[in-house]
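[1] any chance you could fold what I've pasted below:
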Amino acid sequence: MITAVDTSVLLDVFLRDPRHGAASREWLREAYDAGGIIICDVVYAELAPAFPDRGALDRTLGEVNVVVSAIDSDMAYDAGRRWKRYREAGGTRERIITDFLIGAHAAAAAERFLTRDRGFFSSCFPELDSS
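    Coordinates of the predicted model:
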C-alpha cells in the first residue's frame, strides 16, 4: 500500500513537535510497515526551509524511506479544477493551490494519505483514505 504524506506530519517528526510528534511518528511507522511512503514535490518544497541544506533534507527523507513523486499535468489539472470549485463555493483564500496540488497527487498516486488536516482534505478530496 502506497501512502502519501502531508508536510505537517513530517515536520511533526523532524522538528520533534511536542504535541503531535509521537502520533505522527507512529503514523509513519505504520505506513512504512504497510508499504511505500511518498511525498509530492510541493511537500518537498515545504520541507526545505526546515533544513540547513538539500543534502540534510535528502538524508532525512532517506532515513524514513520517503520517496519524492512528481506531480504530473493530469494531477495539476485536477488540482486546478478542484481549487476553482472550492473558491466558487465560497472557500477562503487561506487554502491556496498548493494544498490542492498535494491532495490531487495523493488521490492519483497513493492508496492512503496521512495528514492532520483531515477536515479540509476529506471535503475537497473525499476519495482519499486519510485514516
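
[2] residues of stretch 52-69 that come out buried?
    Using 16 or more other CB atoms under 10 Å as the test for burial, stretch 52-69 gives 57, 60-61, 64, 66, 69. (Each C-beta comes from the backbone N, C-alpha and C, glycine too.)

[3] where do the strands of this structure begin and end?
    In the chain, the strands defined using DSSP state E lie at 3-5, 37-40, 66-69, 112-114.

[4] mind picking the two most distant members of the buried residues of stretch 52-69?
    Spanning the widest gap among the buried residues of stretch 52-69 are Thr60 and Ser69, at 17.0 Å by CB to CB.

[5] quick one, what contacts the nearest residue to Val68 once chain neighbours are set aside?
    Counting by CB to CB, 6 or more residues apart in numbering, Val68 lies nearest to Tyr44, which is 5.2 Å off, once chain neighbours are set aside. Residues in contact with Tyr44 (CB atoms under 8 Å, 6 or more residues apart in numbering) are 57, 61, 68.

[6] of those residues, closest to Gly21?
    For these, the minimum distance to Gly21 (CB to CB) is 17.0 Å, reached by Leu61.

[7] separation between the closest residue to Ala108 other than its chain neighbours and Glu63?
    Nearest non-adjacent residue to Ala108, counting by CB to CB, 6+ apart: Met75, 5.1 Å away. Distance, Met75 to Glu63, by CB to CB, to the nearest Å: 27 Å.

[8] cool, Met1 as well?
    21 Å.

[9] before we move on, what about Ala89?
    41 Å.

[10] and the helices in the chain?
    All helices of the chain, identified by DSSP state H, fall at 7-14, 21-34, 41-47, 54-63, 73-88, 97-109, 118-124.

[11] which of those helices sits most buried?
    helix 97-109 (a mean of 23; mean count of other CB atoms under 10 Å).

[12] so what's the closest residue in space to Asp74 that isn't next to it in sequence up against?
    Using CB to CB, 6+ apart and skipping residues adjacent in sequence, the residue nearest Asp74 is Ala108, 6.9 Å away. By CB under 8 Å, 6+ apart, the residues touching Ala108 are 74-75, 78.

[13] need the contacts of Tyr44 in CSV (columns: distance to His20 and pLDDT).
    Putting those into CSV (distance: CB to CB, whole Å; pLDDT from 0 to 100) gives the following:
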residue, distance to His20, pLDDT
Leu57, 20, 98
Leu61, 19, 97
Val68, 23, 98
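
[14] no further questions, thank you.
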